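Asks: structure for this input, please:
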Amino acid sequence: MRQNFVAGNWKMNLTLPEARALTTDIVRLLADELPGARPQLVLCPPFPLLLAVGEVLGQSGPALGAQNFHQMESGAYTGEVSAKQLHSVGCQYVILGHSERRQHFREDNALLAQKLKTALAAGLQVIFCVGESLATREADETFDFIGQQLAEGLFGLSDAEMEQVVIAYEPIWAIGTGRTASSAQAQEVHAFIRQQVAAAYDAGIAANTTILYGGSCNAQNARELFSQPDVDGGLIGGASLKARDFVDISKSF
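Replies: All right, here's what the predicted structure looks like:
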(Lines give C-alpha, C1' and ligand atoms only; values in the text may rest on other atoms or scores of the structure.)
Protein backbone atom coordinates (compact mmCIF):
# COMPACT_ATOMS: atom_id res chain seq x y z
CA MET A 1 0.00 0.00 0.00
CA ARG A 2 1.25 3.47 -0.88
CA GLN A 3 2.35 5.36 2.21
CA ASN A 4 4.62 8.12 3.45
CA PHE A 5 7.94 6.40 4.03
CA VAL A 6 11.44 7.28 5.28
CA ALA A 7 14.29 4.77 5.36
CA GLY A 8 17.74 5.42 6.80
CA ASN A 9 20.65 3.70 5.05
CA TRP A 10 23.59 3.80 7.46
CA LYS A 11 25.94 2.18 4.91
CA MET A 12 29.28 1.08 6.47
CA ASN A 13 29.17 3.46 9.42
CA LEU A 14 28.97 3.39 13.23
CA THR A 15 30.32 1.12 15.93
CA LEU A 16 28.07 -0.86 18.26
CA PRO A 17 27.99 1.81 21.01
CA GLU A 18 27.40 4.54 18.43
CA ALA A 19 24.56 2.58 16.83
CA ARG A 20 22.85 2.01 20.17
CA ALA A 21 23.17 5.69 21.05
CA LEU A 22 21.83 6.88 17.70
CA THR A 23 18.87 4.49 17.77
CA THR A 24 18.05 5.47 21.35
CA ASP A 25 18.07 9.15 20.38
CA ILE A 26 15.84 8.53 17.36
CA VAL A 27 13.32 6.53 19.41
CA ARG A 28 13.25 9.23 22.11
CA LEU A 29 12.76 12.09 19.65
CA LEU A 30 10.03 10.24 17.80
CA ALA A 31 8.17 9.55 21.05
CA ASP A 32 8.36 13.23 21.98
CA GLU A 33 7.67 14.80 18.58
CA LEU A 34 5.74 12.21 16.54
CA PRO A 35 3.72 10.35 19.18
CA GLY A 36 0.75 9.73 16.92
CA ALA A 37 0.47 8.84 13.25
CA ARG A 38 3.85 8.56 11.55
CA PRO A 39 5.21 7.68 8.15
CA GLN A 40 6.60 4.17 7.81
CA LEU A 41 10.15 4.44 9.18
CA VAL A 42 12.98 1.96 8.60
CA LEU A 43 16.55 1.87 9.89
CA CYS A 44 19.09 -0.13 7.86
CA PRO A 45 22.34 -0.60 9.80
CA PRO A 46 25.32 -2.80 8.81
CA PHE A 47 25.02 -6.53 9.50
CA PRO A 48 26.89 -6.64 12.85
CA LEU A 49 24.60 -3.98 14.30
CA LEU A 50 21.22 -5.44 13.30
CA LEU A 51 20.42 -7.28 16.52
CA ALA A 52 21.44 -4.40 18.78
CA VAL A 53 19.50 -1.82 16.77
CA GLY A 54 16.48 -4.13 16.67
CA GLU A 55 16.59 -4.54 20.44
CA VAL A 56 16.60 -0.76 20.96
CA LEU A 57 13.79 -0.27 18.45
CA GLY A 58 11.63 -2.86 20.17
CA GLN A 59 7.98 -1.97 19.69
CA SER A 60 8.68 1.74 19.16
CA GLY A 61 7.41 1.77 15.58
CA PRO A 62 10.40 2.05 13.20
CA ALA A 63 11.16 -1.20 11.39
CA LEU A 64 14.51 -2.88 10.98
CA GLY A 65 16.04 -3.31 7.54
CA ALA A 66 19.25 -4.65 6.02
CA GLN A 67 21.42 -3.34 3.22
CA ASN A 68 22.11 -6.52 1.27
CA PHE A 69 22.16 -10.35 1.31
CA HIS A 70 23.31 -13.27 -0.83
CA GLN A 71 20.93 -14.53 -3.47
CA MET A 72 21.14 -18.20 -2.40
CA GLU A 73 19.02 -19.48 0.48
CA SER A 74 22.00 -21.12 2.23
CA GLY A 75 25.28 -22.86 1.48
CA ALA A 76 29.05 -22.55 1.30
CA TYR A 77 29.31 -18.80 0.76
CA THR A 78 31.80 -17.70 3.36
CA GLY A 79 31.29 -14.14 4.53
CA GLU A 80 27.75 -13.84 3.18
CA VAL A 81 24.35 -13.76 4.87
CA SER A 82 21.00 -15.08 3.67
CA ALA A 83 17.58 -13.49 3.46
CA LYS A 84 16.25 -16.07 5.92
CA GLN A 85 18.95 -15.12 8.42
CA LEU A 86 17.98 -11.46 8.10
CA HIS A 87 14.32 -12.28 8.66
CA SER A 88 15.21 -14.43 11.67
CA VAL A 89 16.92 -11.50 13.46
CA GLY A 90 13.91 -9.22 12.97
CA CYS A 91 14.47 -7.55 9.62
CA GLN A 92 11.31 -6.57 7.79
CA TYR A 93 12.99 -4.81 4.86
CA VAL A 94 16.10 -5.07 2.72
CA ILE A 95 17.61 -2.62 0.24
CA LEU A 96 18.36 -4.01 -3.22
CA GLY A 97 19.91 -2.40 -6.28
CA HIS A 98 21.61 0.50 -4.53
CA SER A 99 23.97 2.24 -6.93
CA GLU A 100 26.94 1.43 -4.71
CA ARG A 101 26.14 -2.27 -4.94
CA ARG A 102 25.67 -2.00 -8.69
CA GLN A 103 28.92 -0.07 -9.14
CA HIS A 104 31.35 -1.57 -6.62
CA PHE A 105 30.04 -5.13 -6.54
CA ARG A 106 28.86 -5.44 -10.15
CA GLU A 107 25.29 -6.36 -9.26
CA ASP A 108 23.34 -6.33 -12.51
CA ASN A 109 19.64 -6.43 -13.28
CA ALA A 110 19.56 -10.23 -13.67
CA LEU A 111 21.16 -10.80 -10.27
CA LEU A 112 18.81 -8.30 -8.65
CA ALA A 113 15.79 -10.04 -10.15
CA GLN A 114 17.02 -13.25 -8.52
CA LYS A 115 17.62 -11.50 -5.20
CA LEU A 116 14.14 -10.02 -5.28
CA LYS A 117 12.52 -13.43 -5.50
CA THR A 118 14.72 -14.76 -2.69
CA ALA A 119 13.94 -11.82 -0.42
CA LEU A 120 10.20 -12.01 -0.92
CA ALA A 121 10.18 -15.78 -0.41
CA ALA A 122 11.94 -15.23 2.93
CA GLY A 123 9.27 -12.77 4.08
CA LEU A 124 11.24 -9.58 3.53
CA GLN A 125 9.86 -6.48 1.89
CA VAL A 126 12.21 -4.82 -0.59
CA ILE A 127 13.35 -1.25 -1.19
CA PHE A 128 14.40 -1.53 -4.84
CA CYS A 129 16.71 1.21 -6.11
CA VAL A 130 17.03 2.61 -9.61
CA GLY A 131 18.84 5.66 -10.91
CA GLU A 132 21.10 7.13 -13.55
CA SER A 133 24.63 8.52 -13.66
CA LEU A 134 25.43 12.10 -14.60
CA ALA A 135 26.69 10.93 -17.99
CA THR A 136 23.41 9.13 -18.64
CA ARG A 137 21.39 12.19 -17.67
CA GLU A 138 23.50 14.52 -19.80
CA ALA A 139 23.06 12.16 -22.75
CA ASP A 140 19.28 12.47 -22.28
CA GLU A 141 19.00 8.72 -21.64
CA THR A 142 17.59 8.80 -18.10
CA PHE A 143 14.19 7.34 -18.95
CA ASP A 144 15.56 4.59 -21.19
CA PHE A 145 18.11 3.59 -18.54
CA ILE A 146 15.67 3.51 -15.64
CA GLY A 147 13.06 1.79 -17.78
CA GLN A 148 15.55 -0.99 -18.46
CA GLN A 149 16.44 -1.32 -14.77
CA LEU A 150 12.76 -1.70 -13.95
CA ALA A 151 11.94 -4.07 -16.80
CA GLU A 152 14.90 -6.40 -16.24
CA GLY A 153 15.26 -6.18 -12.47
CA LEU A 154 11.78 -5.67 -11.04
CA PHE A 155 8.97 -6.41 -13.41
CA GLY A 156 9.28 -10.20 -13.27
CA LEU A 157 7.22 -10.18 -10.08
CA SER A 158 3.59 -11.17 -9.73
CA ASP A 159 0.95 -8.60 -8.77
CA ALA A 160 0.99 -9.85 -5.18
CA GLU A 161 4.78 -9.69 -5.00
CA MET A 162 4.82 -6.11 -6.30
CA GLU A 163 2.76 -5.10 -3.27
CA GLN A 164 5.79 -5.97 -1.11
CA VAL A 165 8.15 -3.63 -2.99
CA VAL A 166 9.01 0.01 -2.42
CA ILE A 167 10.87 1.70 -5.29
CA ALA A 168 13.58 4.27 -4.62
CA TYR A 169 14.82 6.67 -7.28
CA GLU A 170 18.40 7.64 -6.51
CA PRO A 171 20.15 9.77 -9.11
CA ILE A 172 23.75 8.56 -8.80
CA TRP A 173 25.05 12.07 -9.44
CA ALA A 174 23.31 13.27 -6.27
CA ILE A 175 24.39 10.54 -3.81
CA GLY A 176 26.81 11.88 -1.23
CA THR A 177 27.77 14.76 -3.50
CA GLY A 178 25.70 17.49 -1.91
CA ARG A 179 23.89 17.91 -5.24
CA THR A 180 20.19 17.20 -5.13
CA ALA A 181 17.75 16.74 -7.95
CA SER A 182 15.36 19.67 -8.04
CA SER A 183 11.84 18.91 -6.91
CA ALA A 184 10.75 19.15 -10.55
CA GLN A 185 13.45 16.70 -11.68
CA ALA A 186 12.53 14.27 -8.91
CA GLN A 187 8.82 14.51 -9.72
CA GLU A 188 9.45 13.96 -13.42
CA VAL A 189 11.30 10.69 -12.82
CA HIS A 190 8.93 9.51 -10.10
CA ALA A 191 5.97 10.08 -12.42
CA PHE A 192 7.77 8.13 -15.13
CA ILE A 193 8.41 5.22 -12.74
CA ARG A 194 4.74 5.15 -11.74
CA GLN A 195 3.76 5.15 -15.41
CA GLN A 196 6.09 2.22 -16.04
CA VAL A 197 4.55 0.27 -13.17
CA ALA A 198 1.09 0.96 -14.60
CA ALA A 199 2.18 -0.26 -18.03
CA ALA A 200 3.76 -3.43 -16.63
CA TYR A 201 0.92 -4.18 -14.19
CA ASP A 202 -2.08 -1.87 -13.95
CA ALA A 203 -3.12 1.58 -12.77
CA GLY A 204 -4.25 0.29 -9.40
CA ILE A 205 -0.91 -1.28 -8.55
CA ALA A 206 0.88 1.84 -9.77
CA ALA A 207 -1.29 4.07 -7.61
CA ASN A 208 -0.51 1.92 -4.56
CA THR A 209 3.26 1.73 -5.12
CA THR A 210 5.42 3.76 -2.74
CA ILE A 211 8.23 5.59 -4.54
CA LEU A 212 11.04 7.26 -2.60
CA TYR A 213 13.66 9.83 -3.51
CA GLY A 214 17.26 9.15 -2.51
CA GLY A 215 20.12 11.50 -3.26
CA SER A 216 21.37 14.05 -0.74
CA CYS A 217 17.92 14.38 0.78
CA ASN A 218 18.19 16.24 4.08
CA ALA A 219 16.18 18.14 6.69
CA GLN A 220 16.38 21.32 4.64
CA ASN A 221 15.05 20.02 1.32
CA ALA A 222 12.86 17.08 2.39
CA ARG A 223 9.61 19.02 2.72
CA GLU A 224 9.79 20.42 -0.80
CA LEU A 225 10.74 17.05 -2.29
CA PHE A 226 8.04 15.18 -0.37
CA SER A 227 5.41 17.68 -1.46
CA GLN A 228 5.63 16.45 -5.05
CA PRO A 229 2.62 14.34 -6.08
CA ASP A 230 4.60 11.19 -6.90
CA VAL A 231 7.30 11.44 -4.20
CA ASP A 232 6.27 9.41 -1.17
CA GLY A 233 9.33 9.91 1.02
CA GLY A 234 13.05 9.34 1.07
CA LEU A 235 15.87 6.82 1.24
CA ILE A 236 18.24 8.79 3.43
CA GLY A 237 22.00 8.32 3.60
CA GLY A 238 24.24 10.68 5.56
CA ALA A 239 21.40 12.57 7.22
CA SER A 240 20.13 9.33 8.78
CA LEU A 241 23.30 9.20 10.92
CA LYS A 242 22.07 12.21 12.91
CA ALA A 243 19.00 11.65 15.07
CA ARG A 244 17.84 15.25 14.85
CA ASP A 245 18.06 15.29 11.05
CA PHE A 246 16.40 11.90 10.59
CA VAL A 247 13.47 12.84 12.79
CA ASP A 248 13.10 16.24 11.15
CA ILE A 249 12.99 14.53 7.75
CA SER A 250 10.36 12.15 9.11
CA LYS A 251 8.24 15.18 10.08
CA SER A 252 8.44 16.69 6.57
CA PHE A 253 5.11 15.41 5.20
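Asks: so what does E107 have for phi and psi?
Replies: Here the main-chain torsion angles of E107 (degrees, to the nearest 10) amount to phi -80, psi 120.
Asks: swap in F128?
Replies: Dihedral angles for F128 - degrees, to the nearest 10 - are phi -100, psi 120.
Asks: just the helices in this structure please.
Replies: Counting by DSSP state H, one finds helices in the chain at the ranges 16-33, 50-57, 83-88, 99-104, 109-121, 134-138, 142-153, 159-162, 183-200, 203-207, 222-226, 243-250.
Asks: what residues of the third one count as buried?
Replies: Right, helix 83-88. Neighbour-count burial for helix 83-88, counted by 16 or more other C-beta atoms under 10 Å, picks out 83-87. Quick note: C-beta positions are derived from backbone N, CA and C, even for glycine.
Asks: for it, packing partners?
Replies: Packing partners of helix 83-88 (3 or more C-beta pairs under 8 Å, 6 or more residues apart in numbering; DSSP states H and E): helix 109-121.
Asks: and the angle for the helix it packs on with helix 142-153?
Replies: 60 degrees (axes from the mean of the first three to the mean of the last three C-alpha atoms, to 10 degrees).
Asks: what comes up buried for helix 109-121?
Replies: Residues of helix 109-121 classed as buried under the neighbour-count rule (16+ other C-beta under 10 Å) are 109, 111-113, 115-116, 118-120.
Asks: so C129 makes contact with H98?
Replies: Yes: C129 is within contact range of H98, at 4.8 Å (criterion: C-beta atoms under 8 Å).
Asks: so what sits against both of those two?
Replies: Contact criterion C-beta atoms under 8 Å, 6 or more residues apart in numbering; residues shared by C129 and H98: E170.
Asks: quick one on the thing from earlier: of the helices of the chain, which is nearest Y169?
Replies: helix 183-200 (5.2 Å; C-beta to C-beta).
Asks: residues in contact with the closest residue in space to Q85 that isn't next to it in sequence?
Replies: Excluding its sequence neighbours, the residue lying closest to Q85 (C-beta to C-beta, 6 or more residues apart in numbering) is F69, at 7.7 Å. F69 is in contact with 80-83, 85-86, 94, 115, 118-119, counting by C-beta under 8 Å, 6+ apart.
Asks: for F69, give its distance to A198.
Replies: Using C-beta to C-beta, to the nearest Å, F69 is found at 29 Å from A198.
Asks: helices and strands of this structure: which one bottoms out on pLDDT?
Replies: helix 134-138 (a mean of 92; mean pLDDT, DSSP states H and E).
Asks: where does this protein have low pLDDT?
Replies: Regions of the chain meeting the criterion pLDDT under 70 are absent.
Asks: without its sequence neighbours, what residue ends up closest to A207?
Replies: Excluding the flanking residues, the one nearest A207 by C-beta to C-beta, 6+ apart is R2, at 6.7 Å.
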